[in-house]
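Student: I would like to see how this sequence folds:
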Amino acid sequence: MSAILNQQQVSDLAGNYFPRIAEVIQQAFQDYLDSLRGINSLGIKTNLKARTSASLIHDFIQIRAREKFADEPNIKVDDFNGMFGLLISKCLFVRFKKLTPEMKTSNVSTDQIQLFDKQQLEIPGTDQVTMLTAGYVPDATWTIIQSIVLTCKINDELMWHKDLHGETSQVSIFSTAASAAQDDEPIVRVKNNNKDRKTGSDRE
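Tutor: Below you'll find the predicted structure:
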């Protein structure tokens, strides 16, 4: 197994990208809410399953990630062995996922996911790559992001995690979302506390 970078090494290498990674998730979540508003405006009521909401948000994440990192020479945004993510400096791979409050994923097990979980996913043109997950925890109504974290795991063992909520800049979605609030429409927000509450994982 490749040597796994610790939290400080990852921060030294890619810490300046953390705000943009968090913004990708925030803005994609807002794109999802905006899409639901558009559907509702047609008189169509929505009651999406959790897996459908997560799939839509992941599609928007891909769009936002390509926009955010298009001109970044040290980052390649693409599908790697069937898994979308960011390859940073050829030594970090960051995928995006919906997480439970325990920072777990709800994957259908595939060969690629098993290799990722074991820190053994091979990416062409690289040698030792540390596998990371940039994840978000939605509330039960899928209208609020409760937390955004960066995790490093080996199988089911959480090696370390980084709270990305504090890494978000003040210029992204909140300024554009303010005008939508005038119509009492849902706005994505990231909550600070970690008290027990229902999450999007409760609605299947």
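
Student: in the longest helix along the chain, what's buried?
Tutor: In the chain, taking DSSP state H as the definition, the longest helix is helix 18-41. The neighbour-count criterion (16 or more other C-beta atoms under 10 Å) identifies 18-34, 36 as the buried residues of helix 18-41. Every C-beta, even on glycine, is put in place using the N, C-alpha and C of the backbone.

Student: So, low pLDDT: which residues of the protein?
Tutor: Scanning the chain for pLDDT under 70 picks out the ranges 1-2, 167-204.

Student: before we move on, the earlier item: centre of the chain to the next helix or strand along the chain from the longest helix of the chain, how far?
Tutor: Per DSSP states H and E, the first helix or strand lying C-terminal to helix 18-41 is helix 50-68. Chain-centre distance of helix 50-68: 8 Å, with C-alpha atoms, centre = their mean, to the nearest Å.

Student: Past helix 50-68, which element shows up next along the chain?
Tutor: Next along the chain after helix 50-68, taking DSSP H and E as the criterion, comes strand 75-80.

Student: Mind listing what's buried along that following strand?
Tutor: Ile75, Lys76, Val77, Phe80.

Student: can you check stretch 150-170 too?
Tutor: Buried residues in stretch 150-170, counted by 16+ other C-beta under 10 Å: Leu150, Thr151, Cys152, Lys153, His161, Lys162, Leu164, His165, Glu167, Thr168.

Student: so of those residues, which ones are in strands?
Tutor: Under the assignment DSSP state E, those contribute Leu150, Thr151, Cys152, Lys153, His161, Lys162 to strands.

Student: For those, give me TSV that also has distance to Lys104.
Tutor: Formatted as TSV, these follow (distance: C-beta to C-beta, whole Å):
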residue	distance to Lys104
Leu150	15
Thr151	9
Cys152	14
Lys153	9
His161	12
Lys162	16
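
Student: which of those sit farthest apart?
Tutor: Lys153 and Lys162 (12.7 Å; C-beta to C-beta).

Student: Now the common contact residues for the two.
Tutor: Counting by C-beta atoms under 8 Å, 6 or more residues apart in numbering, Lys153 and Lys162 have no contacts in common.

Student: State the three-state secondary structure for Ile4.
Tutor: Secondary structure assignment for Ile4 (DSSP: H, G, I helix; E, B strand; the rest coil): coil.

Student: Who are the contact partners of it?
Tutor: Per C-beta under 8 Å, 6+ apart, neighbours of Ile4: Gln119, Thr130, Cys152, Ile154, Met159.

Student: go on, Glu72?
Tutor: Residues near Glu72 by C-beta under 8 Å, 6+ apart: Tyr17.

Student: for it, phi and psi?
Tutor: phi -100, psi 110 (degrees, to the nearest 10).

Student: distance of it from Asn155?
Tutor: 31 Å (C-beta to C-beta, to the nearest Å).

Student: picking that back up, return the member of the ones in strands among the buried residues of stretch 150-170 nearest to Asp111.
Tutor: Taking those together and measuring to Asp111 by C-beta to C-beta, the closest member is Lys153, at 17.5 Å.

Student: Excluding sequence neighbours, find me the nearest residue to the closest one.
Tutor: Distance criterion C-beta to C-beta, 6 or more residues apart in numbering; nearest residue to Lys153, sequence neighbours excluded, is Met159 at 6.1 Å.
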